[in-house]
Structure formats: structure tokens, C-alpha cells
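[1] sequence and predicted structure below; questions after.
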Amino acid sequence: MLELLKGLGGSEYAWLIARIATGLFFTTSGFFKLFNPGRHKVLTDTLKEDRIPWTKGFQWIVPIAELVCGTCITLGLFTVPAALILIVDLLVAMAVDGYKRVNAFDPIDIADWLDDWLYLSEITYILLLLLFVTGGPGILNADSVIIPWLEGR
């Protein structure tokens, strides 16, 4: 019974699954924002509505970053820099658009307001990405192949 308090083990596999699932989310999100005209229009309209400067550039930079960084995280390739780039992407999205969604929830007090912010999917993904920034890619990753090569071993 005390084993349940210590953890069941296998955290390296949970880490691997979390990394792959997180990477696949960003890969598919970026892919559809790039190649699906409807999804691309939603992104472009959101950028314009949120008064993001240089919409003509960011309508391509954001999905390309999601596609490339998501693929890197899925493979465990350049995991830490890819995760950092996506954290910045998510923080900007929350700063310019998240507050509108929180306001739409019509929070009744400060606790509800905090709960509404924590409900945003960006928060969950930032927390997952922070794990990869601080702990690396975990097992079965391309970084373990390229790091020795980059170090000249």
C-alpha cells in the first residue's frame, strides 16, 4: 500500500509519452495552420483581431515554428530550444488572446478567475514544455545521438 505513495515506477515511459504527445500536438497544429485554408484563415483573423503587428509575417512564422518545434520535440531533437520557442509562442498567445477567453468565462471572483486561467490549454502545454526544458527529452531521443557528435566524441 505504501508503494502507491512512492510512485508506481516507469516515469521514464510516462515522460516519453508526454513528450511525443506534446510534440504531435504542435506538429499537427502547425501543419493544419499552414496547409488547411480554413485553419490558416482563423489564425490570420485572430492575429488581425488581436492587432499583432506584421500579420503577413506572423501568419507563417507561428505555424512553421509549431510544425518544426513540434516535430523536434516528438523526435527528441533539439528538445530544449524547441520547447523554449513554443513556450514563448504560448505566452504571447495568452497575453494577446487568453484574457479574452477568460473574460468570456465571466469569472465570479478571484478564485474563479485563477481557475479560468489555469483552464486554458496553454497553461498545460507550458507546464509540459517546462518539464522538457528542465529535464531534457527523456529516453529514446535524437538528442542523445547528436550531443556526443556536437561535442566531438
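    On my side now, so go ahead. Numbers count the residues shown, from 1 in each chain.
[2] and the helix or strand of the chain with the lowest mean pLDDT, what's buried?
    Of all helical and strand segments in the chain, the minimum by mean pLDDT, DSSP states H and E falls on helix 3-6, at a mean of 83. Of the residues in helix 3-6, none is buried by neighbour count under the rule 16 or more other C-beta atoms under 10 Å. The C-beta positions use only the backbone N, C-alpha and C, and glycine is treated the same way.
[3] tell me the secondary structure for P137?
    coil (DSSP: H, G, I helix; E, B strand; the rest coil).
[4] likewise for P107?
    Under three-state DSSP, P107 falls in the coil class.
[5] report the contact partners of it.
    The contact partners of P107, by C-beta atoms under 8 Å, 6 or more residues apart in numbering, come to 113, 115-116.
[6] ok, back up a step: immediately after the least confident helix or strand of the chain, which helix or strand?
    For helix 3-6, the succeeding helix or strand toward the C-terminus, using DSSP states H and E, is helix 11-35.
[7] check what contacts the helix or strand following that following helix and list those residues.
    Proceeding C-terminally, helix 11-35 gives way to helix 37-49 as the next helix or strand, assigned by DSSP H and E. The set of residues external to helix 37-49 that reach it, using C-beta under 8 Å, 6+ apart, is 32-34, 55, 58-59, 62-63, 97.
[8] which one is G135 nearest to, not counting chain neighbours?
    W15 (7.3 Å; C-beta to C-beta, 6 or more residues apart in numbering).
[9] that neighbour reaches L131, doesn't it?
    Yes: look at W15 against L131 with C-beta atoms under 8 Å: they come within range, at 7.4 Å.
[10] give me the low-pLDDT residue ranges for this structure?
    Within the chain, the segments meeting pLDDT under 70 span 153.
[11] returning to what we had before: which residues touch the residue nearest to G135?
    131, 135, 138-139.
[12] who wins for neighbours among the contacts of P107?
    Ranked by neighbour count (other C-beta atoms under 10 Å), these have D116 at the top, with 19 neighbours.
[13] how close does that residue sit to N103?
    9 Å (C-beta to C-beta, to the nearest Å).
[14] show residues contacting whichever strand or helix holds G57.
    In the assignment (DSSP H and E), G57 maps to helix 55-75. The list of residues contacting helix 55-75 from outside it, by C-beta under 8 Å, 6+ apart, reads 19-20, 22-31, 33-34, 40, 43-44, 47-48, 52, 77-79, 82-83, 85-86, 89, 129, 132, 137, 141-142.
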